[in-house]
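In: 3D, please:
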Amino acid sequence: MAKQRSRPTRRRDKKGGSGSGRRKPCAFCRDKIEQVDYKDVGALRRFVYERGKIRSRRITGACRRHQSQIATAVKRARELALLPYAAEPAREDGPRGRGDRGDRDRDRDR
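Out: Numbering: from 1, shown residues only. A predicted model of the protein is given here:
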């Protein structure tokens, strides 16, 4: 005969943790905005990372309908040069990524 468990198992035993709680409401639904405007660059910047990638629904808290409108609006604003496709690379005076190749180029010219 199989041994029975003493208490039923629950998947959500952890209360409180970082993943619990409600999702934040969609800002566009809360303000009753039907269509996301591609010309509102200030609002669209909130939904784009510093590097230029579009943030996910999990991060932005937007509903499915408005998140797809945000993605379309960001792409349209990029096309019209209202938003950048990617961030400008950081300028450094020191060595670059995997090694400074500027020295080799100078040696070739000699």
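
In: what comes up buried for the lengthiest helix in the chain?
Out: Secondary structure assigned by DSSP state H gives helix 64-79 as the longest helix of the chain. Neighbour-count burial for helix 64-79 flags 66, 67, 69, 70, 71, 73, 74, 76, 77, 78 (criterion: 16 or more other C-beta atoms under 10 Å). For the C-beta atoms, the positions are set from N, CA and C on the backbone; glycine is no exception.

In: Among those, which pair sits farthest apart?
Out: For the buried residues of helix 64-79, the farthest-apart pair by C-beta to C-beta is 66 and 78; their separation is 18.4 Å.

In: Does the residue found closest to residue 76 once you drop the neighbours it is linked to in the chain belong to a helix, a strand or coil?
Out: Closest residue in space to residue 76, ignoring its immediate chain neighbours: residue 38 at 4.2 Å, by C-beta to C-beta, 6 or more residues apart in numbering. Following DSSP: H, G, I helix; E, B strand; the rest coil, the label given to residue 38 is coil.

In: so what's residue 38 scoring on pLDDT?
Out: At residue 38, the pLDDT value in this model is 95.

In: for residue 15, same thing?
Out: Value listed for residue 15 in the pLDDT field: 56.

In: go on, the one 3 residues further on?
Out: Model confidence at residue 18, given as pLDDT, is 65.

In: How about the one 5 residues further on?
Out: The predicted local distance difference test score for residue 23 is 77.

In: how close does it sit to residue 62?
Out: Between residue 23 and residue 62 the computed distance is 10 Å (C-beta to C-beta, to the nearest Å).
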